[in-house]
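> Here is a sequence with its predicted model. Questions after.
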Amino acid sequence: MRGAFITLEGTEGVGKTTCLDFVRESLSAADIPTVVTREPGGTELGEKIRNWILEGNHGELSAETETLLMFAARAFHLDEVIRPALAAGRWVICDRFSDATVAYQGGGRRADKGWIKSLRAAVHAGLEPDLTLLLDAPVEVGLHRIRARAPDHFERENRDFFARVRAAYLELARDEPHRIKVIDAAPSLTEVNSRVSAHVTAFLGRFCP
Ligand code: TMP
C-alpha cells in the first residue's frame, strides 16, 4: 500500500515549521515511516531554485516565470523524492506544495488560476495530497511574528499581497473541505497542536482503518 501524502500550507509566520515537527512526531509515535521535505526545494535542483528565488537578487520576476520555476522544481521533486517514497510505503510530509502556487502566484501575483490548474494537472495528474493542514491567521499576526528576520523575496511584499494569498488559500479550502483542513493558528502553540492532533488522528482513522 502506498504511503499518505500530507502537506502543510499557510502564509508567512503562521508556525508551519513547528506544526511540521509536531506532525512528524505524531506519526513516528504511531510507527509510521516518514519523509519530510519542502517546496520549493527537497532536491539539489529544487534547493538551488529556492535559493535563487528567495535571495531575490534577480530583479523583477513575472508571475508566470515564478510559477514555471515552482513547477519545474516540483516536477523533479515528485520524480526524485515524493513518488518513490510513497511507492515504498513511506508517508511524505511536505512543507508547501501546489496549493502554495495557487495562493502565492495565483492570488498574490494574480497569475491566471486556470493556467496554474492546467500545470498542476500536467505535472502531477492523479496525485494530490491526501491531507492538507492549512494554518490560518490574520495577515497582521503572521507579519508581526516574522518582523525580526531579514525578509526574503516574498516577505518583502506588502500587506495586500498577503491578504490576497490568504484569501486564495481559504478559497481552495472552501472548494476542497475533505482534503484541506483549516486550523486557526492565532491561539497558543498548545492549542494549535491540539487541533492539529485532532485532524491527524481523524486522518489516521480514514487512511489506515
Ligand atoms: P517557506 O518555505 O519558508 O514558507 O518559504 C517559501 C516561500 O516560497 C514562501 O514565501 C512561499 C513561496 N512559494 C511560492 O510563492 N509558490 C510556491 O509554489 C511555493 C511552494 C512556495
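Alright, I've got the coordinates. Note that the structure is a prediction, hence the values are computed from the model and not measured.
> Write out the residues of this structure neighbouring the ligand.
38, 39, 40, 70, 95, 96, 100, 101, 104, 105, 154 (Cβ under 6 Å from any ligand atom). (C-beta placed from N, C-alpha, C; glycine too.)
> By pLDDT, rank those and give me the bottom one.
Within those, residue 154 has the lowest pLDDT, namely 94.
> That residue: neighbour count?
18 (other Cβ atoms under 10 Å).
> Over to the one 10 residues further on?
Around residue 164 there are 19 other residues, counting by other Cβ under 10 Å.
> Of the residues of the chain next to the ligand, which belong to helices?
Per DSSP state H, helices hold the following members of the residues of the chain next to the ligand: 70, 100.
> Show me which of the residues of the chain next to the ligand is closest to residue 141.
Within the residues of the chain next to the ligand, the smallest distance to residue 141 is 16.9 Å, found for residue 154 (Cβ to Cβ).
> Do a quick rundown of the helices in the chain.
Using DSSP H, helices in the chain cover 16-29, 44-55, 63-77, 83-87, 98-100, 113-124, 139-145, 159-175, 189-207.
> Residue 9 is nearest to which of those?
So among those, helix 98-100 is nearest, using Cβ to Cβ, at 5.1 Å.
> Need the contact partners of that closest one.
7, 9, 39, 70, 74, 116, 120, 123-124, 128-129, 132, 134, 169, 172, 180 (Cβ atoms under 8 Å, 6 or more residues apart in numbering).
> Quick check on these: which are buried?
Among the contacts of helix 98-100, those classed as buried by 16 or more other Cβ atoms under 10 Å are 7, 9, 39, 70, 74, 116, 120, 123-124, 129, 132, 134, 169, 172, 180.
> The worst-scoring helix or strand of the chain on mean pLDDT: which residues count as buried?
Least confident element among the helices and strands of the chain, by mean pLDDT, DSSP states H and E: helix 139-145 (a mean of 92). Using 16+ other Cβ under 10 Å as the test for burial, helix 139-145 gives 139, 142, 143.
> Name the nearest of the residues you listed relative to the ligand.
residue 142 (10.6 Å; Cβ to the nearest ligand atom).
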